[in-house]
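Asks: Make a model of this:
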Amino acid sequence: VIIIPLYVSVMGGFKHTGELRTNSLGLPIDWKFENYTSLLLNSDFWLLENTKNTVFAEPSGITCDQWNRYDEDIKLMADHSIQSYRLSIEWARIQPSETEFSQEAIDHYKKVLDCCHAHGLKTCVTYQHFTSPLWFTARGGWEKSENTDFFSKYAERVTTELGDKIDTICTINEANLTAQHFFRFPIYPENGMKTMMPFVSDAAKACGSDLDNFGPFLFGHPFKIRDCMMQAHVNSVPIIKGLLNKNQPVGITLAIEDYQCIEGGEESRNKAHAESVDICLEQIKDDDFVGIQMYTRHIFGPEGVTPNKEREMLVMDYEYYPESLENVIKYVAPKINCPIIVTENGIGTDDDNQRISYITTALEGLQRCLDDGIDIRGYYYWSFLDNFEWVYGYKPRFGLVEVNRETQERKAKESLKFYQKIINDSK
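Replies: Numbering: from 1, shown residues only. Reported below is the predicted structural model:
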């Protein structure tokens, strides 16, 4: 039995055409338990996944239909001792055009947040998780710094409408991910994956834009996106904080993997750290918290990341290595002056026993960090439900809850029962 002084959080995310997927599970610290959700509708990713010759393995479809099933899912969380729910607000729903905010969508999120409180769940809300309104991306999106003003106005409206119902705010999810991908994948082009994927150009033309002025997350220029998202965060934090009545914590989440090296790989490893992690941490070291999102390790040699020879690989082609969580926390902690929340950590696998082993090892490492005096306020396991994992489609199964793709029926896995026992034993 692992005794850890943490909350639990369940995260979910992604919605489109009125249906939503749910994603992630976690443990925020202070003895409360959480969950996470996001929505996709009329967004850049909806267009990208439905464009001919897309790299998305399959369309998201109705995902997990959490837009309509949120009450059922929140009750399921509460029934399994989860005390906090992390969800994301879909910008494309809230602001379908540059000059229009949807009160109907805002009111829906109010109902979701009220439902959380009715079931005794705290709320952690992410304002932007990968997807953006198509009108935003079609005018340069996250590649143009002047567009950060659009995010600030969106964040202002969301906070004004929903701020009193939110306990913790994450502005942007994994703002540095494209920079991380640049160092992780040897073939990653300097100007972004869109330059070698014709379907992105086709999507740009379909919405009246062109490749140079179409800036979607994941596919655009890795460092322009990193810098633009970090600027959007820095600019929006004082706006958000100025509207909150309870001084709730506001932070950002970063994708931070465990960068290791073999002999001769120190320079390439250090460069990856500097340009995909450290440059971001320097800007947010005095925030209310830093959100860490960690899944694996990457081993660098003199030419960059080394091939994954004779390592245990997972369905998303990265290594099974839960020990990385402890390493990443210990790397980040000395570089910041604020608490850490592990906002994502988990494993995509069909083997639920492997999931239980991953959680066990990761949390043992997390406990050692706590024992060393590192200020960690929470841990989120990704994910509560099996969900749509972007270009990988539905094949990776991260969830503690199985979702029948035909009927949408939810079925708790043994790993959810195991996770509940950790929560209950930690009280």
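
Asks: and Ser145, how many residues sit next to it?
Replies: 14 (other CB atoms under 10 Å). To be clear about C-beta, it is placed using only N, CA and C from the backbone, and glycine gets the same treatment.

Asks: separation between it and Val234?
Replies: According to CB to CB, to the nearest Å, Ser145 and Val234 sit 11 Å apart.

Asks: hey, which helix is longest across this structure?
Replies: helix 222-243 (DSSP state H).

Asks: residues in contact with that one?
Replies: Here helix 222-243 makes contact (CB atoms under 8 Å, 6 or more residues apart in numbering) with 127, 142-145, 147-149, 151-152, 155-156, 159-160, 163, 169, 171-172, 175-176, 178-179, 181-182, 188, 190, 192, 215, 217, 247, 250, 252, 275-276, 279-280, 283-284, 287.

Asks: Among these, which lie within strands?
Replies: Tyr127, Ile169, Thr171, Ile172, Val250, Ile252 (DSSP state E).

Asks: any weak-confidence spans in the stretch 251-400 of the chain?
Replies: Regions of the stretch 251-400 of the chain meeting the criterion pLDDT under 70 are absent.

Asks: Now do the strands in it.
Replies: Taking DSSP state E, counting those that start in this stretch as the test, the strands found in the stretch 251-400 of the chain are 258-261, 289-293, 297-301, 304-305, 340-345, 376-381.

Asks: so which of these gets nearest Gly120?
Replies: Nearest of those to Gly120, taken as CB to CB: strand 376-381 at 16.8 Å.

Asks: name the helices or strands packed onto the helix or strand just after that closest one?
Replies: Sequence-wise, the next helix or strand downstream of strand 376-381 (DSSP states H and E) is strand 401-403. When contacts are defined as 3 or more CB pairs under 8 Å, 6 or more residues apart in numbering; DSSP states H and E, strand 401-403 packs onto strand 410-412.

Asks: Strand partners (parallel or antiparallel) of the strand it packs on?
Replies: strand 401-403 (antiparallel) (DSSP bridges).

Asks: Name the residues of the partner strand that are buried.
Replies: By 16 or more other CB atoms under 10 Å, the buried positions in strand 401-403 come out as Val401, Glu402, Val403.

Asks: which one of those residues is nearest Tyr419?
Replies: Distances from Tyr419 to those, taken by CB to CB, are shortest for Val401, at 10.4 Å.

Asks: For that closest one, list the residues it contacts.
Replies: Leu76, Phe384, Leu385, Asp386, Arg410, Lys411, Ala412, Lys413, Leu416.

Asks: again with Phe130
Replies: So Phe130 contacts Ser38, Phe45, Asn173, Glu174, Phe217, Leu218, Trp390 (CB under 8 Å, 6+ apart).

Asks: Check those residues against Asp371 and report the nearest one.
Replies: Comparing these against Asp371 with CB to CB places Glu174 closest, at 28.0 Å.

Asks: ok, and the closest non-adjacent residue to that closest one?
Replies: Nearest residue to Glu174, sequence neighbours excluded (CB to CB, 6 or more residues apart in numbering): Ala255, at 4.2 Å.

Asks: and that neighbour, bridged to which residues?
Replies: Taking DSSP bridges, one finds Gln293 as the beta-bridge partners of Ala255.

Asks: I'd like to know how far it sits from Val401.
Replies: 24 Å.

Asks: Many thanks, we can stop here.
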